[in-house]
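Student: Return a 3D structure for these sequence lines:
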Amino acid sequence: MTAHKTGTHEEWLKARLELLADEKAHTRRGDELAARRRELPWVRIDKDYRFDTDEGPASLADLFRGRSQLLVYHFMFGADFDYGCPACSSIADGFNGFAVHLANQDVMLWAASRASLPKIQAYKKRMGWTFPWASSGGSDFNLDFQAGATVEQQQAGPVEYNYAARNRMPAEDMRGPERTSPGGTDWMSFMREMPGMSAFALEDGVVYHTYSAYARGLDGLWGMYQWLDRTPLGRNEAGQGLWFRRHDEYETV
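Tutor: From the prediction side, this is the model:
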(Lines give C-alpha, C1' and ligand atoms only; values in the text may rest on other atoms or scores of the structure.)
Protein backbone atom coordinates (compact mmCIF):
# COMPACT_ATOMS: atom_id res chain seq x y z
CA MET A 1 0.00 0.00 0.00
CA THR A 2 1.33 3.44 -0.88
CA ALA A 3 1.71 6.15 1.76
CA HIS A 4 -1.50 8.15 2.03
CA LYS A 5 -3.27 10.60 4.25
CA THR A 6 -6.48 9.98 6.18
CA GLY A 7 -8.95 12.67 7.16
CA THR A 8 -12.55 13.68 7.72
CA HIS A 9 -15.20 13.82 5.01
CA GLU A 10 -14.97 17.62 5.10
CA GLU A 11 -11.24 17.49 4.50
CA TRP A 12 -11.76 14.98 1.70
CA LEU A 13 -14.45 17.17 0.08
CA LYS A 14 -12.24 20.27 0.19
CA ALA A 15 -9.39 18.40 -1.51
CA ARG A 16 -11.80 16.78 -3.97
CA LEU A 17 -13.19 20.13 -5.07
CA GLU A 18 -9.69 21.46 -5.63
CA LEU A 19 -8.93 18.39 -7.73
CA LEU A 20 -12.23 18.81 -9.59
CA ALA A 21 -11.20 22.28 -10.69
CA ASP A 22 -7.98 20.83 -12.12
CA GLU A 23 -9.87 17.93 -13.72
CA LYS A 24 -12.22 20.39 -15.43
CA ALA A 25 -9.26 22.42 -16.67
CA HIS A 26 -7.72 19.19 -17.98
CA THR A 27 -10.97 18.30 -19.76
CA ARG A 28 -11.18 21.73 -21.37
CA ARG A 29 -7.52 21.42 -22.43
CA GLY A 30 -8.36 18.02 -23.92
CA ASP A 31 -11.19 19.63 -25.91
CA GLU A 32 -8.74 22.23 -27.22
CA LEU A 33 -6.27 19.54 -28.29
CA ALA A 34 -9.05 17.59 -30.02
CA ALA A 35 -9.94 20.72 -31.98
CA ARG A 36 -6.30 21.18 -32.98
CA ARG A 37 -6.18 17.57 -34.22
CA ARG A 38 -9.10 18.38 -36.51
CA GLU A 39 -7.26 21.47 -37.77
CA LEU A 40 -4.20 19.52 -38.97
CA PRO A 41 -3.78 19.65 -42.75
CA TRP A 42 -5.04 16.60 -44.61
CA VAL A 43 -2.40 14.77 -46.65
CA ARG A 44 -3.58 13.15 -49.87
CA ILE A 45 -2.69 9.47 -50.23
CA ASP A 46 -1.90 8.34 -53.75
CA LYS A 47 -0.19 5.02 -52.95
CA ASP A 48 -2.37 2.00 -53.70
CA TYR A 49 -2.25 0.16 -50.37
CA ARG A 50 -3.71 -3.31 -50.54
CA PHE A 51 -5.17 -5.36 -47.70
CA ASP A 52 -6.50 -8.87 -47.21
CA THR A 53 -9.83 -8.89 -45.40
CA ASP A 54 -12.55 -11.38 -44.53
CA GLU A 55 -14.38 -10.15 -47.63
CA GLY A 56 -11.35 -10.44 -49.94
CA PRO A 57 -8.72 -8.00 -51.25
CA ALA A 58 -9.39 -4.35 -50.37
CA SER A 59 -7.93 -0.92 -50.95
CA LEU A 60 -7.59 1.71 -48.23
CA ALA A 61 -10.71 3.41 -49.61
CA ASP A 62 -12.61 0.12 -49.36
CA LEU A 63 -11.99 0.02 -45.60
CA PHE A 64 -14.27 3.05 -45.17
CA ARG A 65 -17.28 0.85 -46.06
CA GLY A 66 -19.39 3.83 -47.06
CA ARG A 67 -18.31 6.08 -44.19
CA SER A 68 -16.33 9.28 -44.62
CA GLN A 69 -13.89 8.63 -41.77
CA LEU A 70 -11.59 5.72 -40.96
CA LEU A 71 -9.58 4.88 -37.86
CA VAL A 72 -6.91 2.18 -38.07
CA TYR A 73 -5.32 0.65 -35.01
CA HIS A 74 -1.83 -0.59 -35.89
CA PHE A 75 -1.95 -3.88 -34.00
CA MET A 76 1.44 -5.50 -33.28
CA PHE A 77 1.02 -8.87 -34.95
CA GLY A 78 3.88 -9.52 -37.36
CA ALA A 79 4.20 -12.18 -40.00
CA ASP A 80 6.35 -14.35 -37.73
CA PHE A 81 4.21 -13.95 -34.60
CA ASP A 82 2.21 -16.85 -33.21
CA TYR A 83 -0.34 -14.46 -31.68
CA GLY A 84 -0.97 -10.75 -31.17
CA CYS A 85 0.82 -8.51 -28.70
CA PRO A 86 -0.82 -8.63 -25.22
CA ALA A 87 -0.79 -4.83 -24.84
CA CYS A 88 -2.50 -4.36 -28.21
CA SER A 89 -4.89 -7.14 -27.21
CA SER A 90 -5.81 -5.24 -24.04
CA ILE A 91 -6.50 -2.11 -26.07
CA ALA A 92 -8.55 -4.15 -28.56
CA ASP A 93 -10.64 -5.56 -25.69
CA GLY A 94 -11.80 -1.99 -25.21
CA PHE A 95 -12.58 -0.92 -28.76
CA ASN A 96 -14.16 -4.25 -29.68
CA GLY A 97 -17.25 -3.14 -27.80
CA PHE A 98 -17.67 0.33 -29.22
CA ALA A 99 -16.59 -0.12 -32.85
CA VAL A 100 -20.27 -0.59 -33.71
CA HIS A 101 -21.09 2.80 -32.18
CA LEU A 102 -18.42 4.50 -34.30
CA ALA A 103 -19.70 2.72 -37.41
CA ASN A 104 -23.05 4.40 -36.77
CA GLN A 105 -21.39 7.78 -36.39
CA ASP A 106 -19.77 7.78 -39.86
CA VAL A 107 -16.49 6.23 -38.59
CA MET A 108 -15.11 2.78 -39.45
CA LEU A 109 -12.63 1.37 -36.95
CA TRP A 110 -10.26 -1.33 -38.22
CA ALA A 111 -7.18 -3.04 -36.90
CA ALA A 112 -4.36 -3.71 -39.36
CA SER A 113 -1.38 -6.03 -38.90
CA ARG A 114 1.34 -7.61 -41.02
CA ALA A 115 0.38 -11.15 -40.00
CA SER A 116 -1.36 -13.23 -42.64
CA LEU A 117 -5.16 -13.13 -42.74
CA PRO A 118 -5.51 -16.78 -41.56
CA LYS A 119 -3.36 -15.99 -38.50
CA ILE A 120 -5.43 -12.89 -37.78
CA GLN A 121 -8.70 -14.77 -38.19
CA ALA A 122 -7.58 -17.55 -35.84
CA TYR A 123 -6.45 -15.11 -33.15
CA LYS A 124 -9.56 -12.97 -33.52
CA LYS A 125 -11.72 -16.07 -33.06
CA ARG A 126 -9.75 -17.07 -29.97
CA MET A 127 -10.24 -13.63 -28.41
CA GLY A 128 -13.92 -13.42 -29.37
CA TRP A 129 -13.57 -10.08 -31.15
CA THR A 130 -15.87 -8.83 -33.89
CA PHE A 131 -14.19 -5.61 -35.12
CA PRO A 132 -12.86 -5.70 -38.70
CA TRP A 133 -9.17 -6.60 -38.94
CA ALA A 134 -7.13 -6.53 -42.14
CA SER A 135 -3.78 -8.01 -43.06
CA SER A 136 -1.51 -5.28 -44.38
CA GLY A 137 1.43 -7.61 -44.97
CA GLY A 138 1.23 -7.28 -48.73
CA SER A 139 1.86 -3.54 -48.79
CA ASP A 140 4.01 -0.79 -47.27
CA PHE A 141 1.14 0.44 -45.10
CA ASN A 142 2.76 -0.37 -41.74
CA LEU A 143 6.15 0.91 -42.87
CA ASP A 144 4.76 4.20 -44.19
CA PHE A 145 2.77 4.89 -41.01
CA GLN A 146 5.60 4.15 -38.55
CA ALA A 147 4.05 0.88 -37.42
CA GLY A 148 6.75 -1.46 -38.68
CA ALA A 149 10.32 -1.77 -39.88
CA THR A 150 12.11 -4.10 -42.27
CA VAL A 151 14.99 -6.31 -41.18
CA GLU A 152 17.34 -4.01 -43.08
CA GLN A 153 15.94 -0.86 -41.43
CA GLN A 154 16.17 -2.41 -37.99
CA GLN A 155 19.79 -3.48 -38.48
CA ALA A 156 20.84 -0.20 -40.14
CA GLY A 157 20.08 1.87 -37.05
CA PRO A 158 17.26 3.84 -35.47
CA VAL A 159 13.94 3.81 -37.28
CA GLU A 160 11.28 6.51 -37.26
CA TYR A 161 8.63 5.97 -34.59
CA ASN A 162 6.50 8.56 -32.83
CA TYR A 163 8.10 11.24 -35.02
CA ALA A 164 11.65 10.58 -33.83
CA ALA A 165 14.49 8.14 -34.53
CA ARG A 166 14.14 5.15 -32.20
CA ASN A 167 16.36 2.16 -31.60
CA ARG A 168 14.29 -0.94 -32.32
CA MET A 169 17.00 -3.46 -31.48
CA PRO A 170 16.48 -5.63 -28.41
CA ALA A 171 19.27 -6.05 -25.87
CA GLU A 172 22.17 -8.11 -27.20
CA ASP A 173 21.30 -11.14 -25.09
CA MET A 174 17.79 -11.12 -26.61
CA ARG A 175 18.79 -11.27 -30.30
CA GLY A 176 18.79 -15.04 -30.65
CA PRO A 177 16.20 -17.26 -32.35
CA GLU A 178 14.44 -18.17 -29.11
CA ARG A 179 10.71 -17.46 -29.45
CA THR A 180 10.33 -15.88 -26.03
CA SER A 181 8.73 -12.53 -26.88
CA PRO A 182 5.10 -11.73 -25.90
CA GLY A 183 4.07 -12.41 -29.51
CA GLY A 184 5.45 -15.94 -29.47
CA THR A 185 8.23 -14.97 -31.84
CA ASP A 186 11.87 -14.00 -31.39
CA TRP A 187 12.59 -10.56 -29.96
CA MET A 188 14.15 -9.20 -33.16
CA SER A 189 10.89 -9.85 -35.02
CA PHE A 190 8.79 -8.53 -32.13
CA MET A 191 10.68 -5.24 -32.07
CA ARG A 192 10.05 -4.65 -35.79
CA GLU A 193 6.36 -4.09 -35.06
CA MET A 194 5.19 -0.87 -33.36
CA PRO A 195 1.73 0.09 -32.05
CA GLY A 196 -0.15 3.18 -33.10
CA MET A 197 -3.35 4.54 -34.59
CA SER A 198 -4.03 6.54 -37.73
CA ALA A 199 -7.03 8.52 -38.92
CA PHE A 200 -8.12 9.02 -42.51
CA ALA A 201 -10.82 10.90 -44.37
CA LEU A 202 -12.48 10.06 -47.69
CA GLU A 203 -13.68 13.00 -49.73
CA ASP A 204 -14.68 13.00 -53.41
CA GLY A 205 -13.05 9.60 -53.85
CA VAL A 206 -9.70 10.72 -52.43
CA VAL A 207 -8.25 9.33 -49.19
CA TYR A 208 -6.43 11.72 -46.89
CA HIS A 209 -4.28 10.99 -43.85
CA THR A 210 -5.32 13.32 -41.04
CA TYR A 211 -3.72 12.11 -37.77
CA SER A 212 -1.54 9.44 -36.19
CA ALA A 213 -0.45 8.75 -32.61
CA TYR A 214 1.98 6.30 -31.07
CA ALA A 215 3.46 5.12 -27.79
CA ARG A 216 1.90 7.08 -24.89
CA GLY A 217 -0.17 8.97 -27.42
CA LEU A 218 -2.35 5.86 -27.21
CA ASP A 219 -2.77 6.14 -23.44
CA GLY A 220 -6.16 7.78 -23.65
CA LEU A 221 -7.39 4.97 -25.91
CA TRP A 222 -6.33 2.24 -23.48
CA GLY A 223 -9.49 1.92 -21.44
CA MET A 224 -8.03 -0.34 -18.75
CA TYR A 225 -5.60 2.35 -17.65
CA GLN A 226 -8.26 5.06 -17.54
CA TRP A 227 -10.04 2.99 -14.87
CA LEU A 228 -6.83 2.11 -13.02
CA ASP A 229 -5.96 5.82 -12.85
CA ARG A 230 -9.05 6.30 -10.69
CA THR A 231 -8.25 3.58 -8.15
CA PRO A 232 -6.60 4.19 -4.75
CA LEU A 233 -3.35 2.57 -5.91
CA GLY A 234 -3.37 3.80 -9.50
CA ARG A 235 -1.48 1.73 -12.07
CA ASN A 236 0.61 0.16 -9.28
CA GLU A 237 3.03 -1.37 -11.79
CA ALA A 238 6.37 -0.71 -10.12
CA GLY A 239 8.49 -3.84 -10.10
CA GLN A 240 5.83 -5.98 -11.80
CA GLY A 241 7.08 -5.91 -15.39
CA LEU A 242 4.41 -6.88 -17.90
CA TRP A 243 1.68 -7.80 -15.41
CA PHE A 244 -1.32 -7.99 -17.71
CA ARG A 245 -2.22 -10.98 -19.89
CA ARG A 246 -4.56 -11.68 -22.74
CA HIS A 247 -8.05 -11.88 -21.27
CA ASP A 248 -8.22 -15.67 -21.64
CA GLU A 249 -4.87 -16.21 -19.88
CA TYR A 250 -5.88 -15.17 -16.36
CA GLU A 251 -6.50 -17.92 -13.86
CA THR A 252 -9.32 -16.00 -12.18
CA VAL A 253 -11.88 -13.45 -13.32
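Student: residue ranges for the helices of the stretch 151-253 of the chain, please.
Tutor: For the stretch 151-253 of the chain, the helices defined by DSSP state H, counting those that start in this stretch cover 151-156, 187-191, 223-228.
Student: Need the winner for burial among those helices.
Tutor: Comparing the helices of the stretch 151-253 of the chain by mean neighbour count (mean count of other C-beta atoms under 10 Å), helix 187-191 ranks first with a mean of 21. From N, CA and C alone the C-beta is placed, and that goes for glycine too.
Student: Which residues does that one contact?
Tutor: For helix 187-191, the surrounding residues in contact (C-beta atoms under 8 Å, 6 or more residues apart in numbering) are 76, 78, 80-81, 85, 151, 154, 168-170, 174-175, 180-183.
Student: Give me the buried entries from those.
Tutor: 76, 78, 80-81, 85, 154, 168-170, 181-183 (16 or more other C-beta atoms under 10 Å).
Student: Please identify which of those is nearest to residue 217.
Tutor: Lowest distance from residue 217 to those (C-beta to C-beta) belongs to residue 76, with 15.1 Å.
Student: Surely the closest one is in contact with residue 90?
Tutor: No. With contact defined as C-beta atoms under 8 Å, residue 76 does not reach residue 90; the gap is 11.6 Å.
Student: now the strands for the stretch 51-200 of the chain?
Tutor: 56-59, 69-74, 107-113, 133-135, 159-161, 164-166, 196-203 (DSSP state E, counting those that start in this stretch).
Student: Dump those strands to CSV, plus mean pLDDT.
Tutor: CSV is the format used below for the strands of the stretch 51-200 of the chain (pLDDT from 0 to 100):
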stretch, mean pLDDT
strand 56-59, 98
strand 69-74, 98
strand 107-113, 98
strand 133-135, 98
strand 159-161, 94
strand 164-166, 94
strand 196-203, 98
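Student: So for residue 39, which of those strands sits nearest?
Tutor: Closest to residue 39 of those, according to C-beta to C-beta: strand 196-203, at 13.1 Å.
Student: Could you list everything residue 69 pairs with in the sheet?
Tutor: residue 107, residue 201 (DSSP bridges).
Student: count of residues packed around it?
Tutor: Neighbour count of residue 69, defined by other C-beta atoms under 10 Å: 17.
Student: and it, what does it touch?
Tutor: For residue 69, counting by C-beta under 8 Å, 6+ apart, the contacting residues are 106-108, 199-202.
Student: so what's residue 212 closest to, chain neighbours aside?
Tutor: residue 198 (4.3 Å; C-beta to C-beta, 6 or more residues apart in numbering).
Student: What count of nearby residues applies to that neighbour?
Tutor: A count of nearby residues for residue 198, using other C-beta under 10 Å, gives 21.
Student: Outside of stretch 144-151 itself, list whatever touches it.
Tutor: Residues outside stretch 144-151 that contact it (C-beta under 8 Å, 6+ apart) are 47, 72, 74, 78, 112, 114, 141-143, 159-163, 168, 188, 192-196, 198, 209, 212, 214.
Student: Of those, keep whichever come out buried.
Tutor: Using 16+ other C-beta under 10 Å as the burial test, these include 72, 74, 78, 112, 114, 141-143, 159, 161, 168, 188, 192-196, 198, 209, 212, 214 as buried.
Student: quick one: residue 15 from residue 188, how far?
Tutor: Distance of residue 15 to residue 188, computed by C-beta to C-beta, to the nearest Å: 49 Å.
Student: now residue 227
Tutor: 34 Å.
Student: ok, now residue 11?
Tutor: Distance, residue 11 to residue 188, by C-beta to C-beta: 54 Å.
Student: Kindly report the same for residue 142.
Tutor: From residue 142 to residue 188 the distance is 16 Å (C-beta to C-beta).
Student: How about residue 92?
Tutor: Residue 92 is 24 Å from residue 188, where distance means C-beta to C-beta.
Student: List the buried residues in stretch 58-74.
Tutor: By neighbour count with 16+ other C-beta under 10 Å, stretch 58-74 contains the buried residues 58, 60-61, 63-64, 67, 69-74.
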